[in-house]
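Chemist: what's the 3D shape of this:
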Amino acid sequence: MNEGTTKKPWVWLGLVAVGFACFSLLGLQPASFASLVHPQPLHADEAVQWSLAKDLSEGVLYSSHEDRFHGPTLASSLLICSKASGTAFADMSESYLRNVTGFYLVLLSLAALALPGVGLIPRVTASTFCFLVGGGAPFGFYYVQEVLLVAGLAWGVVLWLRSEVAECPRLKVFFRLLSGLSFGFALACKVTAAAYLLFFFVALMLARKAWVDRHLLAFLFGLMASWAFFQSVAFTDLHGLTTWWGQLARSLGVASGQSEDTLMAVNYWPWIWAALWVGEFALQRYLTQRLVPFRSGSFDFALVFVGLIFSFHLLLPYKTPWLLYGVMALPLVLIIPHQLSGGWLRDGILLVGLLIGAGCAAGDFASHSPTADLRAFEASTARFKEAYKGKTFFIALELKEGGNYWPLPYYLRRYQVGFGDFPAAAQAPLRLIPVTDDSEPVVSGYAVSKLTLREGGDRYWVLVAKGYESVFIGK
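Modeler: The predicted structure follows:
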């Protein structure tokens, strides 16, 4: 079946186009297309990566940065794009940032084209489908590390499978080396990749032949070299290598529920959608190949690999939908190509079903981090600055106890901002004070409103100089 082709290959592309049109008409279009018309505000994870890249551009070492628990790869990518395009950090729109991640989404989607043992049309269809649905979750269009992480994993797996079928010994070594380079890149993105790498080898043992051979050294060399290169920001920050181990220790505490940063599930629907997603691929495998022995193809290995990743995150207390991006995206490039050769009707039903599933799940995946107030706040601040008649317009932003993890620096990037407690803060035309209780502050010379960065998260009292409150609220 893997080598078969459908009698009407053009139908695949037609179904994808029709399904995507229906997807858009239902208002469930991928965020990349929607953001062209109505860009969504950045989530804190996105804005923090922008801040990290900006600080790197100003000479701050990654290993000494307060946000070093994020890997340096995405920030480094933005820094390269900034230099290549000549774009200042103050001029980077949400779309600009997300286009950087879009490059890695393309890279992730292209992994399907390199999958061995599958016809060209199924691979092209799977690659196109993966890109159109953002890897099966809205996060594919966000400026976050998960896309880079999963792209590295996908290519690491595909290149390993390529090495298994290569007949030339030199090609085997070459593909193993490239596979290691890809996994090393994933390790530098997030320490979670260390667990995924372990599951990769477990899946190989369960669903493939023995993986320990003489070519393993090439893989390990590529893995270590790539990890060291990206984690140390091209060997310019060797302390970044020790930072990775600090990230690992922190992630163990967070994932096991022993850290105050542990996020428990507030909505289990993303996990239900992910379970249904994996279950659909497993059911398809059973219905179409029930008589085919286990270990017969790389799709069995991919199912085990994705199943292990999902089970791992399902069992641990730390629950954030970001963790499910690999569960949603990896099957699209590793499994779908194997299942798209059973005739145009069955293939069409599979693709349309996945399209509808991705669309229905999108809202639950994205709803965990709404930042709707930011857009209104951004417009209000711009009006205020334009109308302000004082000497200097500046903003005083009081810091929250226990640290800050918020997108405000990005949305205030074009203004003069003073952070923390400084002498001129009391004279600032616009002040932001963290909300600690429900009692509204009374400050002479200021009108007060409230800014919510995310539901259940950070909130700020917004103090606007008297006389400008009507301008700020747009009346």
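Chemist: please make it C-alpha for all contacts and neighbour counts, starting now.
Modeler: Will do.
Chemist: give me the pLDDT for Ala366.
Modeler: If you check Ala366, the pLDDT there is 75.
Chemist: what does Ala21 give?
Modeler: 48.
Chemist: swap in Gly297?
Modeler: 69.
Chemist: what do you get for Ala255?
Modeler: pLDDT, Ala255: 81.
Chemist: how about the contacts made by it?
Modeler: 262, 316-318 (CA atoms under 8 Å, 6 or more residues apart in numbering).
Chemist: so for those residues, which is the shakiest by pLDDT?
Modeler: Among these, Thr262 has the lowest pLDDT, at 72.
Chemist: state the helix or strand in which that residue lies.
Modeler: Here Thr262, judged by DSSP states H and E, is contained in no helix and no strand.
Chemist: contacts only, for it.
Modeler: Contacts of Thr262 (CA under 8 Å, 6+ apart): 254-256, 317-319.
Chemist: centroid residue for this protein?
Modeler: Glu146 (3.1 Å; CA atoms, centre = their mean).
Chemist: one step back: which of the contacts of Thr262 lies closest to Phe174?
Modeler: Within these, proximity to Phe174 (CA to CA) peaks at Ala255, which comes in at 35.4 Å.
Chemist: where along the stretch 251-400 of the chain do the strands fall?
Modeler: In the stretch 251-400 of the chain, the strands defined using DSSP state E, counting those that start in this stretch lie at 394-397.
Chemist: that older thread, narrow the contacts of Thr262 to those that are buried.
Modeler: Buried members of the contacts of Thr262, scored by 16 or more other CA atoms under 10 Å, are 254-255, 317-319.
Chemist: now those as JSON lines including distance to Ala90?
Modeler: Output for the buried ones among the contacts of Thr262, formatted as JSON lines (distance: CA to CA, whole Å):
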{"residue": "Val254", "distance to Ala90": "33"}
{"residue": "Ala255", "distance to Ala90": "35"}
{"residue": "Pro317", "distance to Ala90": "38"}
{"residue": "Tyr318", "distance to Ala90": "34"}
{"residue": "Lys319", "distance to Ala90": "33"}
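Chemist: the residue nearest to the centre of the chain reaches Leu324, doesn't it?
Modeler: No - here Glu146 lies out of contact with Leu324, judged by CA atoms under 8 Å, at a distance of 9.2 Å.
Chemist: I'd say Asp364 and Trp271 touch.
Modeler: No - between Asp364 and Trp271 there is no contact under CA under 8 Å: 9.6 Å.
Chemist: circling back to that earlier point, could you list which of the contacts of Thr262 belong to helices?
Modeler: 254-255 (DSSP state H).
Chemist: out of the contacts of Thr262, which is nearest to Phe139?
Modeler: Nearest to Phe139 among the contacts of Thr262, counting by CA to CA, is Lys319 at 15.5 Å.
Chemist: how about the closest one, what does it touch?
Modeler: Neighbour list for Lys319: 262-265, 313 [criterion: CA under 8 Å, 6+ apart].
Chemist: do the same with Ser163
Modeler: Counting by CA under 8 Å, 6+ apart, Ser163 has contacts 171-176.
Chemist: can we see that at 6 Å?
Modeler: Ser163 makes contact with 172, 175-176, according to CA atoms under 6 Å, 6 or more residues apart in numbering.
Chemist: just the local confidence number for it, please.
Modeler: Ser163 is given a pLDDT of 92.
Chemist: spatially, what comes nearest to it if we skip its sequence neighbours?
Modeler: Using CA to CA, 6 or more residues apart in numbering and skipping the chain neighbours, the partner closest in space to Ser163 is Lys172 (4.5 Å).
Chemist: and the pLDDT for the one you found?
Modeler: At Lys172, pLDDT is 92.
Chemist: Ala465 too?
Modeler: We have a pLDDT of 90 for Ala465.
Chemist: domain-wise, how is this protein divided?
Modeler: Following automatic domain parsing, one finds the domains of the chain at 9-366, 372-472.
Chemist: need the winner for burial among those domains.
Modeler: For the domains of the chain, the largest average neighbour count (mean count of other CA atoms under 10 Å) is found in domain 9-366, namely a mean of 19.
Chemist: look up how far Leu110 lies from the residue nearest to Ser163.
Modeler: Using CA to CA, to the nearest Å, Lys172 is found at 21 Å from Leu110.
Chemist: repeat for Phe139
Modeler: Phe139 is 18 Å from Leu110, by CA to CA.
Chemist: save the contacts of Ser163 as TSV, and put in distance to Ile121 too.
Modeler: Below are the contacts of Ser163 laid out as TSV (distance: CA to CA, whole Å):
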residue	distance to Ile121
Lys172	25
Phe175	23
Arg176	26
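Chemist: looking at those residues, which are in helices?
Modeler: Secondary structure assignment by DSSP H places 172, 175-176 of the contacts of Ser163 in helices.
Chemist: for the contacts of Lys319, could you give me CSV that also reports distance to Leu217?
Modeler: What follows is these, written out as CSV (distance: CA to CA, whole Å):
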residue, distance to Leu217
Thr262, 37
Leu263, 38
Met264, 40
Ala265, 40
His313, 30
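Chemist: show me which of the residues you listed is closest to Leu355.
Modeler: Checking these one by one against Leu355 (CA to CA), the nearest turns out to be His313, at 24.1 Å.
Chemist: give me the pLDDT for that closest one.
Modeler: 92.
Chemist: got the contact list for it?
Modeler: Contact analysis of His313 by CA under 6 Å, 6+ apart lists nothing.
Chemist: what's the spacing between Gly140 and Ala362?
Modeler: Using CA to CA, Gly140 is found at 11 Å from Ala362.
Chemist: wait, I meant Ser251
Modeler: Ser251 is 26 Å from Ala362, by CA to CA.
Chemist: kindly export stretch 80-93 (C-alpha atoms) in CSV.
Modeler: Output of stretch 80-93 as CSV, limited to C-alpha atoms (Å, rounded to 0.1, in the frame of the first residue of the first chain):
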residue,chain,number,x,y,z
ILE,A,80,19.5,37.0,12.1
CYS,A,81,16.3,38.1,10.4
SER,A,82,16.7,41.6,11.9
LYS,A,83,20.2,42.0,10.5
ALA,A,84,19.3,40.5,7.1
SER,A,85,16.3,42.6,6.6
GLY,A,86,17.6,45.8,8.3
THR,A,87,14.4,45.9,10.5
ALA,A,88,14.7,47.6,13.9
PHE,A,89,13.2,45.8,16.8
ALA,A,90,10.8,48.7,17.4
ASP,A,91,9.4,48.3,13.9
MET,A,92,8.7,44.6,14.1
SER,A,93,5.0,43.9,13.8
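Chemist: got a list of contacts for it?
Modeler: The contact list for stretch 80-93, computed with CA under 6 Å, 6+ apart, reads Arg413.
Chemist: did I read that right, Trp50 in a helix?
Modeler: Yes - assignment of Trp50 by DSSP: H, G, I helix; E, B strand; the rest coil places it within a helix.
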